[in-house]
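Peer 1: This is a predicted model, with the sequence first.
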Amino acid sequence: MVQNNRYIDRLNKYDRIMIFGAGEVGRRVYQFLRQIHKDNKISCFVISGNHDETQTLYGIPIRSIATLAEFDNVLFLIAVADHSYKEVVDILRGKKVKHILNAKKLYLASYQISDIELSLRKKRDSIYLRMQEGKKGKHPQATHITYWRAQNAGDTMLSFCVRQFLPIQNWEIRTVTESINDDVIRQINETDLLVIGGGGLFLPDTNANSVSGWQWAISEEQLERIQVPIIVFSVGYNYFKGQKNSELFIRSINALVRKASFVGLRNMGSVKAIREILDDSLREKVVFQPCVTTVINKLFAVKKKENTRKVGVNIAFDREEQRYGAYKEIILEKIAKAVSEISQSGYKICYIAHCDEDLKFLEFLDRLNIDYKLYNLTCALPGEIVSCYHNMSIVLGMRGHAQMIPFGMGCRIISLGTHDKMKWFLEDIGAMEWYVDMEKLCRGGV
């Protein structure tokens, strides 16, 4: 599939590549360039603000655009969230940069996603948002800070379930990664309630920032100016093993819990991790609140399941270095071999991608000539996600919502553990026999 990517040819024309963005999108782009053996062209990651010039990412320098001046035969790959794209283009044009490419097009095209498809996705998102916010002209009863459509099926489904679960008709929906200013605070205060979540929002690197240290970049001063009740709903602590809590994160979470009327975390592992960093007086405010996706069959009119002999498989590729460590190739090859054996036993294999980057596993299925049906749920709406999982008899999932969504629909699951949150969920429901620790498996411990 990579060979058909017309954007790759552009890379060959330039001596150097600079990736504008050192967050989640920038990391994805780096991993893709590494996959196609173009990472030797990367001279630096670029950000807009000032920072410590000794910082690196994957051993590559991180530079402020303000310090750069030489752009001859340099291609800038813009690797930022959609809402920041135009701002970055304006910055680069102001610096007289001639060669710019939207990095998302580069890696999305590798999976044969056309410009027309990308345009249709945006239009569909716009329609979906209007439907979710409720009747036009009605006073929004609540502001929802969420990943309502992050091109990730789990986030889309969870965000929808939160709004279905709460008895609120009209919403003001805002994406977690949106910047916060006086107007945003004013608009929040014009509603009756602020709902934050769900999702693994207690995480330092998906929307890396020096404001809060977690995914919603709200300062303590801005938080104090919010006058309506705050509910933290179905949120998780999503640090990988080895990642440490920063002092900024600890201060910010204490301020949030102090301010909030309710703080519900979706597994006891998250509850314990957050309680450990809280002041003594705040610890009991954090309670266990199961993720609403685990009760999807109560929110949807789901038909009785039948044995379809379909086996759903989902493999995650976000933050690959933290997820797989030194065992990446071994883990993926072992999973592919197991899937091949399942297929040879007469089961129908269905590969379920929650986001486009999950499609990277198709290469491993193709190597073994495994016959499979692809369900790319990257931009699927909630009904389509439910329909997909309803057809599965069992799901082998590596993403949290590749275990919780099918579980919530009465589907059997096996959790492929590369993150503690998978284990925490199974511990809560007393089902650790459904858990496979992938690192231990590679070391011969399972």
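Peer 2: Arrived safely, thanks for sending.

Peer 1: pLDDT below threshold where in the stretch 1-150 of the chain?
Peer 2: Within the stretch 1-150 of the chain, the segments meeting pLDDT under 70 span 1-6, 107-121, 136-137, 150.

Peer 1: okay, the nearest residue to Ala402 once chain neighbours are set aside: pLDDT?
Peer 2: Residue nearest to Ala402 in three dimensions, not counting chain neighbours: Asn314, with 3.8 Å by C-beta to C-beta, 6 or more residues apart in numbering. Where C-beta positions appear, they are placed from N, C-alpha and C, glycine not excepted. We have a pLDDT of 98 for Asn314.

Peer 1: I'd like to know how many residues surround the nearest residue to Thr294 once chain neighbours are set aside.
Peer 2: Distance criterion C-beta to C-beta, 6+ apart; nearest residue to Thr294, sequence neighbours excluded, is Gly408 at 4.5 Å. Counted with other C-beta atoms under 10 Å, residues neighbouring Gly408 total 25.

Peer 1: Check the gap between Gly408 and Lys13 for me.
Peer 2: 49 Å (C-beta to C-beta, to the nearest Å).

Peer 1: same question, Gly325
Peer 2: In terms of C-beta to C-beta, Gly325 sits 35 Å off from Lys13.

Peer 1: More neighbours: the two, which one.
Peer 2: Comparing Gly325 with Lys13 by other C-beta under 10 Å, the one with more neighbours is Gly325, at 16 against 9.

Peer 1: Please list all residues in contact with the residue nearest to the spatial centre of the chain.
Peer 2: By C-alpha atoms, centre = their mean, the chain has its centre lying nearest to Asn152, at 6.2 Å. By C-beta atoms under 8 Å, 6 or more residues apart in numbering, the contact list for Asn152 reads His354, Cys355, Thr378.

Peer 1: Let me know the closest of these to Pro61.
Peer 2: Cys355 (28.4 Å; C-beta to C-beta).

Peer 1: Got phi/psi on the residue nearest to the centre of the chain?
Peer 2: Backbone torsions for Asn152, taken as degrees, to the nearest 10, come to phi -150, psi 120.

Peer 1: what's the host helix or strand of Ile413 packed up against?
Peer 2: Assessed by DSSP states H and E, Ile413 sits inside strand 412-417. Contacts defined by 3 or more C-beta pairs under 8 Å, 6 or more residues apart in numbering; DSSP states H and E place strand 412-417 against strand 394-397, helix 401-408, helix 420-429, strand 435-437.

Peer 1: let's go with 6 Å and repeat that
Peer 2: strand 394-397, helix 401-408, strand 435-437 (3 or more C-beta pairs under 6 Å, 6 or more residues apart in numbering; DSSP states H and E).

Peer 1: Tell me which strands it pairs with, and in which orientation.
Peer 2: Paired strands of strand 412-417, with direction, are strand 394-397 (parallel), strand 435-437 (parallel) (DSSP bridges).

Peer 1: In JSON lines, list these along with distance to Thr206.
Peer 2: Formatted as JSON lines, these follow (distance: least, C-beta to C-beta, whole Å):
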{"stretch": "strand 394-397", "distance to Thr206": "19"}
{"stretch": "strand 435-437", "distance to Thr206": "24"}
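
Peer 1: Looking at the ones you listed, which one is packed in the most?
Peer 2: Among the strands paired with strand 412-417, ranked by average contacts under mean count of other C-beta atoms under 10 Å, first place goes to strand 394-397 (a mean of 24).

Peer 1: chain center to that strand, what's the gap?
Peer 2: 19 Å (C-alpha atoms, centre = their mean, to the nearest Å).

Peer 1: before we move on, back to that, distance check, the residue nearest to Thr294 against Val386.
Peer 2: Here Gly408 is placed at a distance of 9 Å from Val386 (C-beta to C-beta).

Peer 1: before we move on, what about Met398?
Peer 2: 20 Å.

Peer 1: Could you check which of those two has the larger neighbour count?
Peer 2: More neighbours surround Met398 than the other of Met398 and Val386, with 25 against 21 (other C-beta under 10 Å).

Peer 1: Am I right that the more buried one is in contact with Phe317?
Peer 2: No: counting by C-beta atoms under 6 Å, Phe317 is not a contact partner of Met398; they are 9.0 Å apart.

Peer 1: now Pro406, nearest residue through space, not along the chain?
Peer 2: Val395 is the one closest to Pro406 (C-beta to C-beta, 6+ apart), at 4.3 Å.

Peer 1: and that neighbour, what does it touch?
Peer 2: Gly312, Pro406, Cys411, Ile413 (C-beta atoms under 6 Å, 6 or more residues apart in numbering).

Peer 1: still on that earlier bit, nearest approach to Leu365 belongs to which of the strands paired with strand 412-417?
Peer 2: Among the strands paired with strand 412-417, strand 394-397 sits nearest to Leu365 (C-beta to C-beta), with 12.5 Å.
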